[in-house]
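> next input, structure requested:
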Amino acid sequence: MRRLIFLLTLVVLLAVTGVAQASTLITRNPQGPVKLAVNQQGVAMLTVRVNGETQHILAWGAVNMSRGRLLLDYSGGTGSSGANWQTFRNTCGPYRGGAFPGSKLIVASCTARDGSHWAVQQWQRSILNYGGTTGSTEVRLSHWRGPVADLVVFSDWSRYGRSKTEKFAHLFGTYSWQGKPIGVGQATPEGVPLDDKGRNIYLDALNSNYGVPASGFQWRRVNGFLANRPYGQFCFEIGPKRQAPTLLGQQFSGESTVNRYRVTSPGPGVTPDIRVEFAGPPSPYDPNWQLTMNDVQRQLVPDPYANCGSPRAPTF
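Numbering: from 1, shown residues only. From the prediction side, this is the model:
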């Protein structure tokens, strides 16, 4: 029963609205804080310093999934937004949307008079797989009403490992919005979505075996993978990969030495990006526990042809 309770604590529910485009990338590597304002006409203005220059970037025209992407005007007012940074009047009040997985990424937010929410998030999306720690800091803008997306994450073991009693960690789950799966239709062989529904999920491990700092804690990128059709399902084995770094001929897996992981993904529509931290499977490996997790996975993704990882009885 205690382990069943542990299992339930691994479920991470997120919230979103929409299945198109994604939170909008505004710029990269800001110098100093980003300011957000929204006028009575529903036009947002971000004031940010990049490359030594202060920019006033206007955004409008989308919420949740409606009307596709946010339109952007980097001129500060000579575009078609009908607003100008020099006369811009903010009417957006304190944020009232509540916390959600991904709130820690927010650097500026507010709730407009029409009840919709705006948020600016910053995080490093493009980090090298297999142990990368740094990348460009992206400034991303979202605009939404209501809840954000549902990301469900479980951790268990792979059927593979170093021995019958030492298996590689494994994660699986689904990504959806209001019961509608978020899954890629077309993608490149490298996993880059070619349609507006595709979402990459980025996995990081805390103090991974790719390298642990002498003091303190450090997140390292393990890999990125797609949420797939028809259930928005995904899975990933945290095991040795051909492209991963080696030491004395041994490939590292990226496994967290403190059993802590996180996943981050752009939100559907123009809703916020989400980040979830979770624990890996308990130790030591327990084949009976794995049977329970396999059953959970079959319930989550009932089609055996789509069931990520093809769960089956472990080898005792």
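> any idea of the mean pLDDT in the strand ranked longest in the chain?
In the chain, ranked by residue count with DSSP state E as the criterion, the top strand is strand 150-163. Averaged across strand 150-163, pLDDT comes to 90.
> who are the contact partners of G97?
G97 is in contact with S109, T111, H117, A119, W144, counting by CB atoms under 8 Å, 6 or more residues apart in numbering. All C-beta spots, glycine's among them, are computed from the backbone N, C-alpha and C.
> quick one, the longest helix along the chain and strand 150-163 angle?
Longest helix of the chain, by residue count under DSSP state H: helix 287-300. If you take axes from the mean of the first three to the mean of the last three CA atoms, to 10 degrees, helix 287-300 sits at 140 degrees to strand 150-163.
> buried residues in helix 287-300?
Within helix 287-300, the residues scored as buried using 16 or more other CB atoms under 10 Å are W289, Q290, M293, N294, V296, Q297, L300.
> re the thing from before, can you give the strand pairings for the next helix or strand along the chain from the longest strand of the chain, parallel or anti for each?
Downstream of strand 150-163, the first helix or strand assigned by DSSP states H and E is strand 166-177. Within its sheet, strand 166-177 is paired with strand 150-163 (antiparallel), strand 180-181 (antiparallel), strand 233-238 (antiparallel), according to DSSP bridges.
> out of those strands, the one nearest S265 is which?
strand 150-163 (6.9 Å; CB to CB).
> buried residues in the closest one, which are they?
Within strand 150-163, judged by 16+ other CB under 10 Å, the buried ones are D150, L151, V152, V153, F154, S155, D156, W157, S158, R159, G161.
> dump the buried residues of helix 287-300 into CSV; add distance to E237 as well.
Shown next, in CSV, are the buried residues of helix 287-300 (distance: CB to CB, whole Å):
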residue, distance to E237
W289, 17
Q290, 13
M293, 14
N294, 14
V296, 17
Q297, 13
L300, 17
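> from those, pick the one nearest Q31.
Distances from Q31 to the buried residues of helix 287-300, taken by CB to CB, are shortest for L300, at 43.6 Å.
> please name the nearest non-neighbouring residue to the closest one.
Distance criterion CB to CB, 6 or more residues apart in numbering; nearest residue to L300, sequence neighbours excluded, is T174 at 5.9 Å.
> list the contacts of that neighbour.
So T174 contacts D150, L151, V152, P181, A227, Y231, G232, Q233, F234, L300, V301 (CB under 8 Å, 6+ apart).
> one more pass at 6 Å, please.
V152, Y231, G232, Q233, L300 (CB atoms under 6 Å, 6 or more residues apart in numbering).
> beta partners for it?
On the basis of DSSP bridges, T174 is bridged to V152, Q233.
> not counting its neighbours along the chain, what's nearest G232?
Leaving aside its sequence neighbours, G232 sits nearest to P181 (CB to CB, 6+ apart; 3.3 Å).
> then R49?
Q31 (4.4 Å).
> give me the number of residues near that neighbour?
Per other CB atoms under 10 Å, the neighbour tally for Q31 reads 11.
> now it: how far from V43?
24 Å (CB to CB, to the nearest Å).
> end to end, how far does stretch 122-135 reach?
12 Å (CA to CA, to the nearest Å).
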